[in-house]
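>>> no sequence for this one, just the structure:
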């Protein structure tokens with residue numbers, strides 16, 4: 001998609017992010033296929049809260065029939081989860097995710113994000129504050145404060161249940177992972193929440209890739225991927241963080257940049273779009289993004305190697321930014337399929353959003369809860385002991401819902417399951 005600005009008189013906002021991206025609106029033919037794929041439309045039953053309706057609002061802002069500071073436009077745009085399921089359903093190829101981010105970047109110039117969103121985005125852009133915040137979370141988890149406060153009603157209780165859900169669900173410790181490195185070099189985007197609260201999942205990612213023939217290399221200087229900022233309309237910080245990561249991963253020189261968080265992987269693969277208007281960075285962004293792979297892609301490409309018996313029942317929930325943004329569907333199932341003894345139970349509605357959507361569950365809690373409810377009911381219906389999903393926001397959202405609902409299932413990353421299977425293999429002599 002080109003990003004030239006509309007130069008006709010109909011463009012009331014030339015030079016803005018939405019003005020520059022508005023050509024993408026022309027792809028929509030208003031067919032309505034997106035409606036049944038949209039969680040907010042299905043939940044709220046309002047055309048304005050559907051992809052088609054939001055595209056109409058975007059066009060009205062571009063053409064000037066609605067002002068940028070119209071509060072109703074902001075309300076309906078803010079309610080979008082950004083799950084991009086509409087892109088999978090769309091026969092016309094509307095670049096909805098890019099248009100949504102451009103719209104939010106335009107609207108926030110006149111109407112700043114809610115205070116809680118600004119605080120979170122500021123913290124994720126500053127490493128020291130981020131480390132302190134995540135350290136506080138780990139301390140609260142270790143002292144079981146999160147378990148105690150998770151019983152409270154409202155957002156505080158749910159936030160503590162999210163923190164409680166980050167406890168390790170599988171495994172009794174690391175093992176000596178060995179491999180020949182024949183599949184090339186790879187480096188891990190350690191991430192923010194992944195390294196801060198899902199540390200063992202990051203180590204499991206490194207171990208499982210090593211077992212499957214990848215030579216793991218660490219990369220210094222990497223930062224938050226910028227996904228939260230881009231989704232919330234903070235384009236300036238998203239671009240700054242992307243440049244830091246591009247420079248860091250250029251220095252790594254590895255064949256692959258592996259990501260175990262679906263939202264982060266989608267963001268890094270879209271760095272070329274984010275930096276398309278900066279000639280000094282666009283080509284560098286393209287070269288880096290071409291090396292980005294979800295962990296399930298690399299493991300599935302390698303087989304993956306089978307592990308030891310693990311007789312557990314698992315159901316799989318597809319993260320939106322893995323399935324709809326990156327279009328990765330079968331590799332996570334191949335990862336789970338490499339575990340002997342594992343029973344994979346189909347999950348109805350696996351392709352639907354859980355309501356996490358970055359910081360959405362903190363700024364739009366009521367809608368988030370309503371989107372999550374059918375997901376929890378479907379998980380309970382499977383009777384599976386674990387629900388596997390490859391994104392930290394989904395792990396925490398689903399995990400918190402399971403915890404507060406009393407459903408006897410735990411949310412876990414697919415690589416944690418494979419890693420536990422490898423840990424149960426007999427030690428080499």
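The structure has been received and is ready for your questions. Everything quoted here is computed from the prediction, not taken from an experiment.

>>> going by C-alpha atoms from here, please, whenever you check contacts or count neighbours.
Noted.

>>> in the helix or strand residue 134 falls within, what's buried?
For residue 134, the element it lies in under DSSP states H and E is helix 127-142. Neighbour-count burial for helix 127-142 flags 130, 131, 134, 137, 138, 140, 141 (criterion: 16 or more other CA atoms under 10 Å).

>>> likewise stretch 14-26?
Neighbour-count burial for stretch 14-26 [16+ other CA under 10 Å]: 14, 16, 17, 18, 19, 20, 21, 22, 23, 24, 25.

>>> start and end of it, how far apart?
16 Å (CA to CA, to the nearest Å).

>>> so after the helix holding residue 134, what's the next helix or strand?
Next element after helix 127-142 (DSSP H and E): helix 145-149.

>>> spell out for me which residue occupies the centre of the chain.
When CA atoms, centre = their mean is applied to the chain, the residue found nearest the centroid is residue 263 (2.3 Å).

>>> residues touching that one, list them.
Residue 263 is in contact with 227, 321, 322, 391, counting by CA atoms under 8 Å, 6 or more residues apart in numbering.

>>> adding secondary structure, write those residues out as JSON lines.
Shown next, in JSON lines, are those (DSSP: H, G, I helix; E, B strand; the rest coil):
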{"residue": "227", "secondary structure": "helix"}
{"residue": "321", "secondary structure": "helix"}
{"residue": "322", "secondary structure": "helix"}
{"residue": "391", "secondary structure": "coil"}
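
>>> drop anything exposed from these.
227, 321, 322, 391.

>>> which of these lies closest to residue 170?
Distance to residue 170, by CA to CA, is smallest for residue 391 among these, at 16.7 Å.

>>> the closest one touches residue 259, doesn't it?
No: with contact defined as CA atoms under 8 Å, residue 391 does not count as touching residue 259 (9.8 Å).

>>> what about the strands in the chain?
185-188, 215-217, 256-259, 292-294, 313-316, 343-345, 386-388, 410-412 (DSSP state E).

>>> out of these, deepest packed?
strand 410-412 (a mean of 27; mean count of other CA atoms under 10 Å).

>>> that strand pairs with which strands?
strand 386-388 (parallel) (DSSP bridges).

>>> and the partner strand, what's its mean pLDDT?
For strand 386-388, the mean per-residue pLDDT is 98.

>>> what does it contact?
By CA under 8 Å, 6+ apart, strand 386-388 touches 312-317, 379, 409-414.

>>> make it 6 Å
The contact list for strand 386-388 (CA atoms under 6 Å, 6 or more residues apart in numbering) reads 314, 315, 316, 409, 410, 411, 412, 413, 414.

>>> out of those, which one sits closest to residue 58?
residue 316 (34.8 Å).

>>> okay, now the unreliable bits of the protein?
1-9, 172, 428-429 (pLDDT under 70).

>>> can I see the domain layout of it?
When the chain is parsed with automatic domain parsing, its domains come out as 17-107, 306-423.

>>> ok, which of these comes nearest residue 239?
Between the domains of the chain, domain 17-107 lies closest to residue 239; by CA to CA that is 12.1 Å.

>>> quick revisit: and the buried ones among the contacts of residue 263 as CSV, adding distance to residue 100?
Below are the buried ones among the contacts of residue 263 laid out as CSV (distance: CA to CA, whole Å):
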residue, distance to residue 100
227, 13
321, 14
322, 18
391, 21
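
>>> widest-spaced pair of those residues?
227 and 322 (13.5 Å).

>>> ok, how many other residues are close to residue 194?
19 (other CA atoms under 10 Å).

>>> what's the spacing between it and residue 396?
11 Å.

>>> enumerate every residue touching residue 329.
Residue 329 touches residue 323, counting by CA under 6 Å, 6+ apart.

>>> is it true that residue 227 touches residue 267?
Yes: Residue 227 is within contact range of residue 267, at 5.5 Å (criterion: CA atoms under 6 Å).

>>> hmm, back to that, CSV for the strands of the chain, including distance to residue 370?
Below are the strands of the chain laid out as CSV (distance: least, CA to CA, whole Å):
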stretch, distance to residue 370
strand 185-188, 34
strand 215-217, 41
strand 256-259, 29
strand 292-294, 29
strand 313-316, 20
strand 343-345, 24
strand 386-388, 19
strand 410-412, 19
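
>>> out of those, flag the one nearest residue 117.
strand 256-259 (24.5 Å).

>>> adjacent strands (with direction) for that closest one?
As assigned by DSSP bridges, strand 256-259 forms pairs with strand 185-188 (parallel), strand 292-294 (parallel).

>>> got these as TSV, with distance to residue 282 columns?
Compiled in TSV, the strands paired with strand 256-259 are given as follows (distance: least, CA to CA, whole Å):
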stretch	distance to residue 282
strand 185-188	22
strand 292-294	16
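
>>> would you tell me which of those strands gets closest to residue 383?
strand 292-294 (28.1 Å).

>>> picking that back up, possible to save the domains of the chain as TSV with distance to residue 209?
TSV is the format used below for the domains of the chain (distance: least, CA to CA, whole Å):
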stretch	distance to residue 209
domain 17-107	28
domain 306-423	9
